[in-house]
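Novice: Below are the sequence and a predicted model; questions follow.
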Amino acid sequence: MYSVHCLNNIAKVGTDRLGDNFTLTDNIDTAQAIMVRSASLHDVDFSHELLAIGRAGAGVNNIPLDRCAEQGIVVFNTPGANANGVKEMVIAGMLLAARDIVGGIEWVDENSDDPNVGKQAEKAKKDFAGTELAGKNLGVIGLGAIGAMVANAGRSLGMHVYGYDPFLSVKYAWSLDRHVRHVNNLSEIWANCDYITIHVPATDKTRGMIGRDEIAAMKDGVVFLNYARDALVDEIAMSEALQTGHVRRYMTDFANSVTTQMKHAVVTPHLGASTKEAEDNCAVMCADELRDYLENGNITNSVNYGAVDMGPMDGAMRLGVFHLNVPNMIGQITSLVSGAGVNIENMTDKSRGNYAYCLLDLGSELSDTTIAQLSSIDGIYRVRAIRK
Ligand code: MLT
């Protein structure tokens, strides 16, 4: 029996899929898995019981990935599960930026007691008029699950779309409208685009990537949309560019002490994936990933360990070994197992950066003593035995 602790609200349709082998617990210290949305885990000390964390969403900047990897805790996310929800939010952002719809709504609210409001509205509306999206240039930075959908939506709205993604995967390349112009340099986006939207994760490499110089290189009157993470943008530089009018609007899903004070910003409270459909999809994908890992040791959509799928566990014992990705780890693992007289029937080892995961199907049970010997090898973070 595995126990799962949910931080944040996780849709029931997801937790229901965990099955009879699982129970939900309020106690994080006894849980083998955590399901989380945006609660920060950076200051949480993980108990030795914890085997996996499932992030019901895409961004994982609330989770200490390396610390987890070094404790043999696999971190999963749910790429694409909320992409449609975020795409729709970006479309809303572009429409709200194109005309001052928010200002117009506020004007009606302020004048709602005026018996002549209809007549006054006809005079006032010029203050809220704007432009159309069709025919404008849209730059999409990051063409993953969300960015690719946004790029295609831009095409459907009649926009000319420029896409930038140095790590574009074959899967998303195939999904792109053939008229999306793939650029190799961000300077082409800055020079050409009237609307720019960013869809990359917040990592050490991307933090602050939209800085003062990048903003200065953008077209005058550009609209910048950020439904990814606030840390990607130098928000002080953005504030200044909004004040001078160089940036016409900053549409951001991240309310903080800087964005809430910005002139010409439209700030929403991280609503991108807050739809019933997105929450259900994320919870279902997250639960399926955790279940397959806890029951079978298989890893799909992890952000700190490589993908491994050896199918359902049906042998005598399955062994998961988390180790440093350095020479002779596999040699040490296999010689200890075979030295104990246990046959390795199937084996796979996948690395991801500094970390690797070796999954072995054994012909008979390995003794606790040999498992303890394995665990004490330098560079092995955790050994997990899965029994039927
Ligand atoms: C994500 O990272 O998936 C989105 O920002 C939505 C969320 O955090 O729930």
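Specialist: Right, received. Where do you want to start?
Novice: State the distance from Gly144 to Ala173.
Specialist: 11 Å (C-beta to C-beta, to the nearest Å). From N, CA and C alone the C-beta is placed, and that goes for glycine too.
Novice: between those two, who's got more neighbours?
Specialist: The residue with more neighbours, out of Gly144 and Ala173, is Gly144; 20 against 14, by other C-beta atoms under 10 Å.
Novice: any idea where the helices of the stretch 51-200 of the chain begin and end?
Specialist: Using DSSP state H, counting those that start in this stretch, the helices of the stretch 51-200 of the chain run over 65-70, 83-98, 101-110, 117-124, 145-156, 170-175, 186-192.
Novice: can you pull out the helices in the stretch 251-388 of the chain?
Specialist: Taking DSSP H, counting those that start in this stretch as the criterion, the stretch 251-388 of the chain carries its helices at 276-296, 329-339, 368-375.
Novice: just these: most buried one?
Specialist: Most buried of the helices of the stretch 251-388 of the chain, by mean neighbour count (mean count of other C-beta atoms under 10 Å): helix 276-296, with a mean of 21.
Novice: So it, near the ligand or not?
Specialist: No. Using C-beta under 6 Å from any ligand atom, helix 276-296 stays clear of the ligand, with a minimum separation of 7.0 Å.
Novice: Could I get the phi/psi values of the closest residue to the ligand within the stretch 151-300 of the chain?
Specialist: Nearest to the ligand in the stretch 151-300 of the chain, going by C-beta to the nearest ligand atom, is Ala273, at a distance of 3.4 Å. Note on Ala273: backbone dihedrals following degrees, to the nearest 10 are phi -110, psi 10.
Novice: Quick check: chain neighbours aside, which residue is closest to it?
Specialist: Leaving aside its sequence neighbours, Ala273 sits nearest to Asn82 (C-beta to C-beta, 6 or more residues apart in numbering; 3.7 Å).
Novice: unless I'm mixing things up, Glu365 is touching Arg387, no?
Specialist: Yes. Judged on C-beta atoms under 8 Å, Glu365 makes contact with Arg387 at a distance of 7.4 Å.
Novice: So between those two, which is more surrounded?
Specialist: Glu365 (16 against 9).
Novice: tell me which residues of stretch 173-189 are tucked away?
Specialist: Residues of stretch 173-189 classed as buried under the neighbour-count rule (16 or more other C-beta atoms under 10 Å) are Leu176, Val180, Val183, Leu186, Ile189.
Novice: which residues sit in contact with the third one?
Specialist: By that I understand Val183. Applying C-beta atoms under 8 Å, 6 or more residues apart in numbering, we find Val183 in contact with Tyr162, Gly163, Tyr164, Ile189.
Novice: Check the last one too.
Specialist: By C-beta under 8 Å, 6+ apart, Ile189 lies in contact with Gly139, Ile141, Tyr162, Tyr164, Val183, Ile196.
Novice: And the furthest pair within these?
Specialist: Farthest pair in those (C-beta to C-beta) is Val183 and Ile196. Separation: 12.0 Å.
Novice: give me the number of residues near Cys213?
Specialist: That one is not Cys; residue 213 is Asp. Count around Asp213 with other C-beta under 10 Å applied: 10.
Novice: Am I right that it sits in a helix?
Specialist: Yes. Asp213 forms part of a helix when assessed by DSSP: H, G, I helix; E, B strand; the rest coil.
Novice: hmm, back to that, in CSV, list the contacts of Ile189 along with pLDDT.
Specialist: Formatted as CSV, the contacts of Ile189 follow (pLDDT from 0 to 100):
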residue, pLDDT
Gly139, 99
Ile141, 98
Tyr162, 98
Tyr164, 98
Val183, 98
Ile196, 99
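Novice: thinking again about what came up before, mutual contacts of Glu365 and Arg387, please.
Specialist: By C-beta under 8 Å, 6+ apart, the residues touching both Glu365 and Arg387 are Met317.
Novice: thinking again about what came up before, could I get the helices of the stretch 251-388 of the chain as CSV with mean pLDDT?
Specialist: Formatted as CSV, these follow (pLDDT from 0 to 100):
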stretch, mean pLDDT
helix 276-296, 98
helix 329-339, 97
helix 368-375, 97
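Novice: So this structure: which segments form each domain?
Specialist: With domains defined by automatic domain parsing, the chain comprises 1-81+275-304, 83-267, 310-388.
Novice: tell me how far the ends of the shortest one are from each other?
Specialist: So the one you mean is domain 310-388. For domain 310-388, the first-to-last residue distance is 15 Å (C-alpha to C-alpha, to the nearest Å).
Novice: In terms of helices and strands, where is the residue lying closest to Arg229 once chain neighbours are set aside?
Specialist: For Arg229, ignoring the flanking residues on the chain, the nearest one in space by C-beta to C-beta, 6+ apart is Ala202 at 3.8 Å. Using DSSP states H and E, Ala202 sits within no helix or strand.
Novice: Fine by me, we can end here.
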